[in-house]
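Student: predicted coordinates and the sequence they were generated for:
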There are 2 protein chains.
Amino acid sequence: MKKNAEINATPVCQLRMQAISDAMSLLSGKWKFHILGTLMEGHKLGFMDLLREIEGIGTKMLSKELQDLEMNNLVSRTVLDTKPITVKYAITDYGKTLSPIIDELANWGISYRKAVYGKV
Amino acid sequence: MKKNAEINATPVCQLRMQAISDAMSLLSGKWKFHILGTLMEGHKLGFMDLLREIEGIGTKMLSKELQDLEMNNLVSRTVLDTKPITVKYAITDYGKTLSPIIDELANWGISYRKAVYGKV
DNA sequence: GAAAGTACTTTCCTATAGGAAACTATCTAT
DNA sequence: ATAGATAGTTTCCTATAGGAAAGTACTTTC
């Protein structure tokens, strides 16, 4: 007799799996959490500010990731009518709902590093 | 005058960024959370059980991801002396410390889906 | 002795992620 | 006029992720 899935076949598990896939598809990649974390600290930063704050990122990735985040309503982009024009990026209210995840992830990472390398 | 990073230059931010990178390097990829989530529900599952439970995964990825997770002490692998041999995978105590993150992520994903598609 | 179940590994392939460097375009200060 | 700041885009390249399919090896059941 051929076995079928049992655990993940329940509706509640299917929903959770789907939800995790959804979340990860928005948040995966090397830079998203860094950008979101920086904007949570920084409130309204320009493109060049972010480029300076996030060590290692290049213009292409920053530009692309900001577009992704904006499309998913996690970050807002505002063009200011200054001379020369400046652009301000900020985290949206919806983006702020990610802060528990980011905090959990950061705390877990800190304790993991302690566990592996023994203190800091 | 050239500007430097200010926000992320603080030691506490550097620590958090490092921690997030650490965590993501262990948990990134399409299948890790699915595997961990399934093992949290299932307590001790064989390779074929996991293959059945996790819809869409293939043998190569399952094998590779399990090795990664085992190496990082999030999952344990036990060969049982049965005939034919069977292997049981289980989540470790350390792996269980990820459950708050997985829960947060799942809940966030569920509310995101509601917000985007309006109810389920 | 053939089928089917256990647990994988290996090979081959494509798609995506991500980095470096150059380029566009506008404006300000010297 | 030139340097430097704003905010990106475009091109070219490589590395990694991930999937499909076949193969390995052993054992039990029919």
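Tutor: Here it is on my side, so go on.

Student: and residue A:8, that's in a strand?
Tutor: No: counting by DSSP: H, G, I helix; E, B strand; the rest coil, residue A:8 is not found in a strand; it is coil.

Student: for it, what are its contacts?
Tutor: Neighbouring residues of residue A:8 by CB atoms under 8 Å, 6 or more residues apart in numbering or on different chains: A:14, A:17, B:38, B:41, B:53-55. Just so you know, the C-beta spots here come from the backbone N, C-alpha and C atoms, and that holds for glycine as well.

Student: my read: residue A:107 touches residue B:22, true?
Tutor: No: contact criterion CB atoms under 8 Å: residue A:107 and residue B:22 do not qualify, at 11.5 Å.

Student: would you map the helices across chain A?
Tutor: A:11-27, A:32-42, A:47-53, A:59-71, A:93-96, A:99-117 (DSSP state H).

Student: who's in contact with the fifth one?
Tutor: By CB under 8 Å, 6+ apart, the list of residues contacting helix A:93-96 from outside reads A:36, A:39-40, A:69, A:73-75, B:115.

Student: out of the contacts of residue A:8, which is nearest to residue B:100?
Tutor: Among these, residue B:41 lies closest to residue B:100 (CB to CB), at 15.8 Å.

Student: give me the number of residues near the residue nearest to that closest one when sequence neighbours are not counted?
Tutor: Residue nearest to residue B:41 in three dimensions, not counting chain neighbours: residue A:7, with 4.8 Å by CB to CB, 6 or more residues apart in numbering or on different chains. When neighbours are counted by other CB atoms under 10 Å in any protein chain shown, residue A:7 registers 19.

Student: surely residue A:62 meets residue A:54?
Tutor: Yes: taking contacts as CB under 8 Å, residue A:62 lies within contact range of residue A:54: 7.1 Å.

Student: export the contacts of helix A:93-96 to a markdown table and tack on distance to DNA strand D?
Tutor: As requested, the contacts of helix A:93-96 are arranged in a markdown table below (distance: CB to the nearest atom of the strand, whole Å):
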| residue | distance to DNA strand D |
| --- | --- |
| A:36 | 16 |
| A:39 | 13 |
| A:40 | 18 |
| A:69 | 12 |
| A:73 | 17 |
| A:74 | 16 |
| A:75 | 11 |
| B:115 | 25 |
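
Student: of the residues you listed, which is the most crowded?
Tutor: residue A:39 (26 neighbours).

Student: what's the per-residue pLDDT of that residue here?
Tutor: As predicted, residue A:39 sits at a pLDDT of 97.

Student: near DNA strand D, which residues of chain A are found?
Tutor: Contact residues, chain A versus DNA strand D (CB under 7 Å from any atom of the strand): A:46-49, A:59-60, A:63-64, A:66-67, A:77, A:84-89.

Student: quick one, what contacts the spatially most central residue of chain A?
Tutor: Chain A has residue A:33 as the residue nearest its centroid, 3.3 Å off, counting by CA atoms, centre = their mean. Going by CB under 8 Å, 6+ apart, residue A:33 touches A:27, A:102, A:105, B:20, B:24.

Student: same question for residue A:72.
Tutor: Neighbours of residue A:72 in contact, by CB under 8 Å, 6+ apart: residue A:26.

Student: how about residue A:29?
Tutor: Per CB under 8 Å, 6+ apart, neighbours of residue A:29: residue A:65.

Student: check it and give its pLDDT.
Tutor: Reported pLDDT for residue A:29: 95.
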